[in-house]
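>>> give the three-dimensional model of this entry:
(2 chains)
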Amino acid sequence: MVVCLQADKMVRLKWPLFQTLRGVFAVYKPPGIHWKRLRDTVETKLLKELNSLEQRVPRQQIRFLPSFTEGENGVETSLTVAQLPVLADHPRVKGPKFVGLKVGAGHRLDLRSSGVLVLGVGNGNQQLVHLHDRHLTKEYNIQGSFGTATEDFSDTGRLIERTTYDHITLERLERIIAVIQGIHQRALLTYSGIDLKSQEAYELASRGLLRPMHKSPPIITAIRCVHFSPPNFTLAIQCLHETQQYLRKVIHEIGLELKSSAVCTHVRRTRDGIFTVEDALVRTRWDLHSIQAAIQDSRSKVNATLGATVTSQGKTCPLGSKARRGGAGVQDPHQWGRMHTVHGF
Amino acid sequence: MSMSAFCLLRIMVNGTKMSSLCHRICYRWSSLRITGLVFSSKQETKVLPKASYSLRSWSGFNTHPCLLTQKLWRLENPNLNSSAADSPPSKEDGTARFTESSILLNTNQNLGKTEPSRLAIDVQPVALDDAPHPSLFEEISEEEALRIEASPPLPPTSFTLRDYVDQSETLTKLVLLGMDLSKLKMRPNVANMLLRLDFDRDIKGRLLFLKDVGVDDQLLGAFLTRNPFILTEDIENLQMRIQYLQSKKFSKEAISRMVSRAPYLLNFSVERLDNRLGFYQKELGLNVQKTRDLVTRLPRLLTGSLEPVKENLKVCRIELGFRENEIQHMVTNVPKLLLASKKKVTRLFDYLHNTMGIPHHLITKFPQVFNGKFLRIKDRHLFLEHLGRAQYDPTQPNYISLDKLVATPDDVFCVEIAKGTLLDFEAFQKTL
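Have a look, this model is predicted:
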């Protein structure tokens, strides 16, 4: 139920708008803007459009107004009936109808990073919670550059050291990346909460369904290099429970492992669960019409994801319940097949 | 006798002569109450802070509840007892309006649960014999009977003007003029002030004055919403300020434009206006005509504080490195530069100069870039760079001027300047 805060009391939106303005949609966050400010901007824009669409009809009241007429005995007063609108309902007295709208943000992005940010309106906030509980992976494109090391692992921080990077080749980079993936694979197995010696664990792992369903440290499920031209390089990382600063630290550690140093120049989220960059709305498209269309488009996907969760015992849980058993969850549709080159498993 | 009693029932929401039988009954009861209060409570302290605290706790949404607190009519002033109905207590008396409705509710509805602490009480010793008490059972004329408009009693305190707007002629006329009362209810003292005004006496004169100055009728509502305090300014002072501006050779259209766009202008004293005009002339080194044009274009320069302007000028000179004549040229073209936030100006200039590589003289030539939004300029520049069309040097071919970069809408920019499509631009924005 969409509840807007009116100036004096809570009101519910009218039915047609109400139906379309509840759900989840994705926006593209530009770098340099705080996610809260983005959320506030979207809320303000929506409220402005809703208020402009709203037409208020004031109540009518019957007033008996004294009127003065010339009579035989001088000026006579009599009462005339008039139906006047009640001024207390006038928009200039009452104020705009909608003052607040519940817009929630999903997995946050910090100031310097950009990418897909999922927002929910009204009922969609509950769906955001459920989506979070599904623990779906996110995909990032991270650009790094060899040769420098800074305090906060990014190119705008205070410089700590400079190194050479001529000895770095693609093959070495890929080797390091594989090592990292192996470490995280082991972590994944630990945190999935499944008995490793069971058949169930083997089946899930082979199908690539293994995932921690509770809070855990950041886990990288897949990582590969998409672009390498020293000193710059770009990695595509698929991860869970991460923060953007952690990913910058990963870049820094890769630099250390390669006996050089690296900083992260940009972090960009290309996918958050089921929402990709194609679904995300650009800054110029943050208006009521586009958001309604985006919610409509994403509805089927979200319902499919949240609709039924198959537990390890094969039982189907209804919509809204959280699957807490083991590491089973809805298969992440965008996961890159199985884990490759698992070390030391 | 009945008329004098009638005039005593001057309610806070004035304008309409409201009288009702119950009011008169309650007045008599309340006058006894007042005396009771006088005798029993020796305190003459104002309990206003306590009242505001207790009411604030239930006002819910509003963080600045507009408490329409009321003062008791000081009964020490016996003149008002016998004043005629049509001469309302004038401002010179200095007494606050009698708000017997507050006492009504206290006595009627609270059923003896009196809360004298809810009101700001300034009680003085009263001469009981001076206040006449008309009899309840007196015959009243037909005229008076017709004038009785029985409506539900008004609440004594409220956080919104909605409760009073229908009954008050002043507020009704202000709303119909275009004033936005919903925005004013957030400001703490404005609503109290508006309720105390009388339309015919206070407001009409000032509105006619504003019309003489040249404020448009449509803009009057917005003007009053921004600056409701003009309704309490002295008319002689206002006229003096207009004469001062005319003496400084501002034309009539210029004055009306300035007043419409900076509603607080006429609340400033002549010395203050003089100071400011002198400051701009000295600091910017402009001649008289140019200063006049500058101030006419952005009259907010005269109403705002001067510290941010000084800061901005320092930033332009020292940090950004513009010369004096360049600053003069930019400010006369884009006066908003003086009032813009210095963080934003430095950020924009840093991007233009260091990242896009635009030299000082080009920025001086197109000062309207400072009107543009930073993210917009950044996105467009990166798109042009991606397409290989980022050429801002006028001597080179395929030159793109800065004003076209900033001022054109998105679709025009994409098609004509970048030679691409809007979809391409959006797809590119998603890769940033």
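>>> test my guess that B:Leu266 contacts B:Gln239.
No: when contacts are counted by Cβ atoms under 8 Å, B:Leu266 is not listed as touching B:Gln239 (9.6 Å). The C-beta positions use only the backbone N, C-alpha and C, and glycine is treated the same way.
>>> those two: which is more packed in?
B:Leu266 (25 against 14; other Cβ atoms under 10 Å in any protein chain shown).
>>> enumerate every residue touching that one.
Taking Cβ atoms under 8 Å, 6 or more residues apart in numbering or on different chains as the criterion, B:Leu266 is in contact with B:230, B:233, B:238, B:241-242, B:259.
>>> distance of it relative to chain A?
Per Cβ to the nearest Cβ, to the nearest Å, B:Leu266 is found 23 Å from chain A.
>>> specify the local secondary structure of that residue.
Put simply, B:Leu266 is helix when judged by DSSP: H, G, I helix; E, B strand; the rest coil.
>>> shaky segments in chain B?
Regions of chain B meeting the criterion pLDDT under 70 cover residues B:1-134.
>>> where does it come near chain A, residue by residue?
Within chain B, the positions adjacent to chain A are B:61, B:142-143, B:146-147, B:149, B:160-163, B:165-166, B:171-172, B:175, B:178-183, B:221, B:375, B:379, B:410, B:426, B:429-432 by Cβ under 8 Å from any Cβ of the partner chain.
>>> these, buried ones only, as a ChimeraX selection?
With 16 or more other Cβ atoms under 10 Å in any protein chain shown as the criterion, this ChimeraX line picks the buried residues out of the residues of chain B next to chain A:
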select /B:147,149,160,161,162,163,165,166,171,172,175,178,179,180,181,182,221,379,426,429,430,432
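>>> phi, psi of the residue in the stretch 101-250 of chain A that chain B sits nearest to?
Using Cβ to the nearest Cβ, the single residue of the stretch 101-250 of chain A nearest to chain B is A:Ser114, 6.1 Å away. Backbone torsions for A:Ser114, taken as degrees, to the nearest 10, come to phi -130, psi 170.
>>> give me the mean pLDDT for stretch A:290-297.
Stretch A:290-297 shows a mean pLDDT of 92.
>>> contact partners of it?
With Cβ under 8 Å, 6+ apart, stretch A:290-297 has contacts from A:20-26, A:42, A:46, A:121, A:124, A:279, A:281.
>>> so how far is that stretch off the chain centroid?
Between the centre of stretch A:290-297 and the centre of its host chain there is 15 Å, according to Cα atoms, centre = their mean, to the nearest Å.
>>> buried ones in that stretch?
Buried positions in stretch A:290-297, judged by neighbour count with 16+ other Cβ under 10 Å: A:291-292, A:294-295.
>>> check contacts around B:Leu387.
When contacts are counted by Cβ under 8 Å, 6+ apart, B:Leu387 touches B:418-420.
>>> try it again at 6 Å.
B:Ala418 (Cβ atoms under 6 Å, 6 or more residues apart in numbering or on different chains).
>>> restricted to buried residues, select the contacts of B:Leu266 in ChimeraX.
This is how ChimeraX selects the buried members of the contacts of B:Leu266, with burial counted by 16+ other Cβ under 10 Å:
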select /B:230,238,241,242,259
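>>> for the contacts of B:Leu266, which one is nearest B:Asp212?
B:Ile242 (8.7 Å; Cβ to Cβ).
>>> tell me if B:Leu219 really is in a helix.
Yes: judged by three-state DSSP, B:Leu219 forms part of a helix.
>>> does it touch B:Ser260 like I think?
Yes: counting by Cβ atoms under 6 Å, B:Leu219 touches B:Ser260, with 5.2 Å between them.
>>> hang on, the earlier thing: wait, the residue of the stretch 101-250 of chain A closest to chain B sits on A:Gly32?
No: applying Cβ under 6 Å, one finds A:Ser114 not in contact with A:Gly32, separated by 8.4 Å.
>>> which stretches in the stretch 201-345 of chain A count as helices?
Along the stretch 201-345 of chain A, the stretches classed as helices by DSSP state H, counting those that start in this stretch are A:244-257, A:288-307.
>>> for A:Phe68, which of those helices is the nearest?
helix A:288-307 (51.7 Å).
>>> enumerate the residues of the stretch 201-345 of chain A near chain B.
Within reach of chain B by Cβ under 6 Å from any Cβ of the partner chain, the stretch 201-345 of chain A has these residues: A:277, A:282.
>>> just the strands from the stretch 201-345 of chain A, written as ranges.
A:219-229, A:232-240, A:262-272, A:275-276, A:309-310, A:316-317 (DSSP state E, counting those that start in this stretch).
>>> just these: most buried one?
The highest mean neighbour count among those, using mean count of other Cβ atoms under 10 Å in any protein chain shown, belongs to strand A:262-272: a mean of 24.
>>> quick one: that strand to chain centroid distance?
For strand A:262-272, the distance to the chain centre is 16 Å (Cα atoms, centre = their mean).
>>> low-confidence ranges, the stretch 101-250 of chain A, go.
Using pLDDT under 70, nothing in the stretch 101-250 of chain A is flagged.
>>> comparing A:Ser114 and A:Gly32, which residue is more hemmed in?
A:Ser114 (22 against 14).
>>> for the residue of the stretch 151-300 of chain B found nearest chain A, what are its contacts?
Closest approach between the stretch 151-300 of chain B and chain A, counting by Cβ to the nearest Cβ: B:Ser182, at 3.3 Å. By Cβ under 6 Å, 6+ apart, the contact set of B:Ser182 is A:Gly95.
>>> what is the most widely separated pair among the contacts of stretch A:290-297?
A:Leu46 and A:Asp279 (18.2 Å).
>>> hey, C-alpha coordinates of stretch B:202-217 in CSV?
What follows is stretch B:202-217, C-alpha atoms only, in CSV (Å, rounded to 0.1, in the frame of the first residue of the first chain):
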residue,chain,number,x,y,z
ASP,B,202,-3.4,48.0,7.3
ILE,B,203,-3.2,46.0,4.1
LYS,B,204,-5.2,48.0,1.6
GLY,B,205,-2.9,51.0,1.8
ARG,B,206,0.2,49.0,1.3
LEU,B,207,-1.2,47.0,-1.6
LEU,B,208,-2.2,50.2,-3.3
PHE,B,209,1.3,51.5,-2.6
LEU,B,210,2.9,48.4,-4.2
LYS,B,211,0.6,48.8,-7.2
ASP,B,212,1.8,52.4,-7.6
VAL,B,213,5.4,51.2,-7.5
GLY,B,214,4.6,48.9,-10.3
VAL,B,215,4.3,45.4,-8.9
ASP,B,216,2.2,43.3,-11.2
ASP,B,217,-1.1,41.9,-9.9
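>>> buried set for that stretch?
Buried positions in stretch B:202-217, judged by neighbour count with 16+ other Cβ under 10 Å: B:202-203, B:206-207, B:209-210, B:213, B:215.
>>> now these as CSV including distance to A:Arg175 and secondary structure?
Shown next, in CSV, are those (distance: Cβ to Cβ, whole Å; DSSP: H, G, I helix; E, B strand; the rest coil):
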residue, distance to A:Arg175, secondary structure
B:Asp202, 85, helix
B:Ile203, 83, helix
B:Arg206, 82, helix
B:Leu207, 82, helix
B:Phe209, 84, helix
B:Leu210, 79, helix
B:Val213, 80, helix
B:Val215, 76, coil
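>>> which one of those residues sits closest to B:Asp274?
Closest to B:Asp274 out of these is B:Val213 (19.1 Å), distances taken as Cβ to Cβ.
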